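In: Make a model of this:
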Amino acid sequence: MSKPKGFEKPAGVRDYLPHAVARLRRIEQQVLACMDRWGYRQIMTPTMEYYDTVGVASSTSDQKLFKLLNNRGTTMVLRSDITAPIARVVASLLKEEPLPIRLSYHANVFRAIEEEAGREAEFFQTGVELVGDDSPEADAEVVALAIESLQAAGVERFRIALGHVGFLNGLLEEVLPERLEDQESLKHDLLNRDYVGYRNTISGLRLSSSQADKLEGILRLRGGREICEQALELSGNPLARTSIEHLYKVWEVLEAYDVSEHVLVDLTMIGDFSYYTGMTFEGYAAEIGSPVASGGRYDKLLKQFGRNVPATGFALKTNRILDGVRVKETSKQLPVLVQYTADYRKEGLARATLLRGEGKVVVTTLITGASEVQAPEHGLLHQGYEEIITFS
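Out: Model prediction:
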């Protein structure tokens, strides 16, 4: 293997130039401020965690974890999401805090990917976790907050798709009782949005026409609130019906928030079925096909850390918003240039300090010759300055 050149970097990571950092920080600050207004307090967790705790509990498959050994030979992982580390904190450092607990975060996460996939191995997420409330009100709260967070990030055109893993689990148990391997095959097709493969899998299961129709019927369950009624007609399984009734209540709360215009029901969407336990959702911006937000209920995660309480939450895909979504840009604040000769250094720097105290962006420069003087004339914008102040 050849030695990398000095300017090269590993596949899947990137450099953020100043203009991109400015946009990223603006998105981060606006979204966190929005979450703060909803009562979510910001938390920070370590970049590294133990593989045997957070790594195992994470929703990320083992082959996508970045693993390393510390100086004692213990296997560590770079965090692949923030939800599992927060679950660890809630079950330990916050175990005496009364429920529900509302936490927000912004952090980089790491997932090993195939080099040819063109996906990033390090990216940013901004999100929340609502721990200790299993009600439809809690699920609706995180969906409504996700909508407001996308708006705070500057995303103008988007839709939120709601699903529920319980409905699919109930339907599959009704049609394919105790055929767990076949159930997993169908789930895998839906998880990958491979609807052709889903139909082909059904064809290979040697089912009656009524059973096959039930399984294919889920592909038509995408639309408004009426989809909940159609789902109840499709399956009589108790788990499936309870799940739809919960989803219907979530919709009612979203109507009370006056945000249901941004929402549709999509029962083909199940998220990571090994991780979520109830309602799931994804947010799609008009400009790109990949989700810019995702979340849902994960009631079993905290039990792995010794605190058996329900939880729900979401994360914005901050990088995708930065790179792929046309957001509303705020006007850029131009700097003030304070220039001075050596004899007037004290006066120049004093004025710069005063202006910075007033919230101005100020750059300073020492004049060493007449040719270096910037004249305070018309056309300052073309020179990149709001104002030029000279001490000489």
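In: Please make it C-alpha for all contacts and neighbour counts, starting now.
Out: Fine.
In: what about the strands in the stretch 201-350 of the chain?
Out: Using DSSP state E, counting those that start in this stretch, the strands of the stretch 201-350 of the chain run over 222-223, 263-266, 279-285, 291-297, 311-317, 336-340.
In: and the residue lying closest to T312 once chain neighbours are set aside, how many neighbours?
Out: With C-alpha to C-alpha, 6 or more residues apart in numbering as the criterion, T312 has its nearest non-adjacent residue at 4.2 Å, and that residue is R297. R297: 27 surrounding residues under other C-alpha atoms under 10 Å.
In: ditto for R37
Out: A count of nearby residues for R37, using other C-alpha under 10 Å, gives 10.
In: All the strands of the stretch 1-150 of the chain, residue numbers only.
Out: Using DSSP E, counting those that start in this stretch, strands in the stretch 1-150 of the chain cover 41-42, 48-50, 67-69, 75-78, 101-110, 122-131.
In: So what touches the third one?
Out: Contact with strand 67-69 is made by Y51, T75, M76, V77, L78, as judged by C-alpha atoms under 8 Å, 6 or more residues apart in numbering.
In: ditto for the fifth one
Out: In this structure, residues lying in contact with strand 101-110 by C-alpha under 8 Å, 6+ apart are 28, 32, 35-36, 39-44, 47, 65-66, 78-82, 121-132.
In: Pick the most buried one from the strands of the stretch 1-150 of the chain.
Out: Greatest average neighbour count among these goes to strand 122-131 (a mean of 23), per mean count of other C-alpha atoms under 10 Å.
In: List the strands paired with that one, with their directions.
Out: Sheet pairing for strand 122-131, assigned by DSSP bridges, gives strand 101-110 (antiparallel), strand 311-317 (antiparallel).
In: Of the strands of the stretch 201-350 of the chain, which is nearest V250?
Out: When the strands of the stretch 201-350 of the chain are compared by C-alpha to C-alpha, strand 279-285 sits nearest V250, at 9.1 Å.
In: where in the stretch 1-150 of the chain is pLDDT low?
Out: Scanning the stretch 1-150 of the chain for pLDDT under 70 picks out 1-2, 4, 6, 114-118.
In: Out of the strands paired with strand 122-131, which gets nearest to V21?
Out: strand 101-110 (13.4 Å).
In: ok so, going back, just send the strands paired with strand 122-131 back as a markdown table, with distance to I202 too.
Out: Compiled in a markdown table, these are given as follows (distance: least, C-alpha to C-alpha, whole Å):
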| stretch | distance to I202 |
| --- | --- |
| strand 101-110 | 36 |
| strand 311-317 | 32 |
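In: closest to E148 out of these?
Out: Closest to E148 of those, according to C-alpha to C-alpha: strand 311-317, at 11.4 Å.
In: Name the residues that touch that closest one?
Out: 124-134, 138-139, 142-143, 146, 150, 291-299.
In: export that strand as PDB, just CAs?
Out: The C-alpha coordinates for strand 311-317 follow below in PDB (Å, rounded to 0.1, in the frame of the first residue of the first chain):
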ATOM      1  CA  ALA A 311     -38.200   6.800  24.800                       C
ATOM      2  CA  THR A 312     -38.800   8.600  21.400                       C
ATOM      3  CA  GLY A 313     -36.800  11.100  19.400                       C
ATOM      4  CA  PHE A 314     -35.400  12.200  16.100                       C
ATOM      5  CA  ALA A 315     -32.200  13.500  14.400                       C
ATOM      6  CA  LEU A 316     -31.800  15.900  11.500                       C
ATOM      7  CA  LYS A 317     -29.300  14.900   8.900                       C
END
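In: tell me the mean pLDDT over stretch 286-303?
Out: Average pLDDT, stretch 286-303: 90.
In: Pipe the strands of the stretch 201-350 of the chain into JSON lines and attach distance to D213 per row.
Out: Output for these, formatted as JSON lines (distance: least, C-alpha to C-alpha, whole Å):
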{"stretch": "strand 222-223", "distance to D213": "16"}
{"stretch": "strand 263-266", "distance to D213": "18"}
{"stretch": "strand 279-285", "distance to D213": "24"}
{"stretch": "strand 291-297", "distance to D213": "28"}
{"stretch": "strand 311-317", "distance to D213": "33"}
{"stretch": "strand 336-340", "distance to D213": "69"}
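In: Stretch 84-99: which residues count as buried?
Out: Neighbour counts over stretch 84-99 (16 or more other C-alpha atoms under 10 Å) mark A84, P85, I86, A87, R88, V89, V90, A91 as buried.
In: just those residues now: which is nearest L219?
Out: A84 (31.5 Å).
In: distance of E287 from R159?
Out: In this structure, E287 and R159 are 11 Å apart, going by C-alpha to C-alpha, to the nearest Å.
In: For R206, the count of nearby residues, please.
Out: If we define neighbours as other C-alpha under 10 Å, then R206 has 10 of them.
In: gap between it and N200?
Out: Computed as C-alpha to C-alpha, the R206 to N200 distance reads 11 Å.
In: same check, this time on G324
Out: Distance from G324 to N200, by C-alpha to C-alpha: 34 Å.
In: What of S210?
Out: With C-alpha to C-alpha as the criterion, S210 and N200 are 16 Å apart.
In: cool, S80 as well?
Out: Distance of S80 to N200, given as C-alpha to C-alpha: 33 Å.
In: For those two, indicate the residue with more neighbours.
Out: Per other C-alpha under 10 Å, whichever of S80 and N200 has more neighbours is S80, with 28 against 13.
In: and of the strands paired with strand 122-131, who's closest to T390?
Out: When the strands paired with strand 122-131 are compared (using C-alpha to C-alpha), the closest one is strand 101-110, at 41.4 Å.
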